[in-house]
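**Student:** For reference, the sequence and a predicted model appear below.
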Amino acid sequence: LQPLEKLLLRGDGLLPVALCDAITATDFEVVARSLVDVFEFHGHSMMLIGSLIEGEIRKRNTVAGTLFRSNSMATKVMTILANKVGTSFILSVVGPTIATTIKTDAFIELDPMRAGKNEDPKYHADRLGDLVRKVTNSVFAAVEELPLTIR
């Protein structure tokens, strides 16, 4: 481990919180991605999230109802981590169903103004419902493949 990594990965989680408190919101994205990369590489992403959540709760100026806003570092890190870890899961689980739907040239139009005059809106709604059920069933059937970080 590099010295900075050692400091970041210390069990107390104080350095990541202090770093996040010291930067402006415009730097959140870059810092959040870097922190996620380091902590995920070493298998400590939950420690990072826990530290950031605790830090956010400890802030004296945090008022009820303002925790975990979309612009907080804890929320930013959780979003980046979920995207990083969950993308391959979603693509592997839902991708085949979507690919098959696209290959079959399955046109689904719910707007009656855009559908053809002889199109049955209920038919399209039923097809969309079938597609949503297939996607949902695929996700639930693969729950054991869901990365532990997201579970």
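**Tutor:** Looks like it arrived, so ask away. Numbering: from 1, shown residues only.
**Student:** List the contacts of stretch 138-150.
**Tutor:** Stretch 138-150 has contacts (CB atoms under 8 Å, 6 or more residues apart in numbering) with 40, 45-46, 81-82, 85-86, 89, 92-94, 96-97. Every residue, glycine included, has its C-beta placed from N, CA and C.
**Student:** which ones among those are found in strands?
**Tutor:** Among those, no member falls in strands (DSSP state E).
**Student:** filter those to the buried ones?
**Tutor:** E40, S45, L81, V85, V93, V94, T97 (16 or more other CB atoms under 10 Å).
**Student:** Return the subset of those lying in helices.
**Tutor:** E40, S45, L81, V85, V93, V94, T97 (DSSP state H).
**Student:** Strands along this structure, start to end?
**Tutor:** Counting by DSSP E, the chain contains no strands.
**Student:** so what's the residue positioned nearest the centre of the chain closest to, chain neighbours aside?
**Tutor:** The chain has A82 as the residue nearest its centroid, 3.2 Å off, counting by CA atoms, centre = their mean. Excluding its sequence neighbours, the residue lying closest to A82 (CB to CB, 6 or more residues apart in numbering) is I150, at 6.1 Å.
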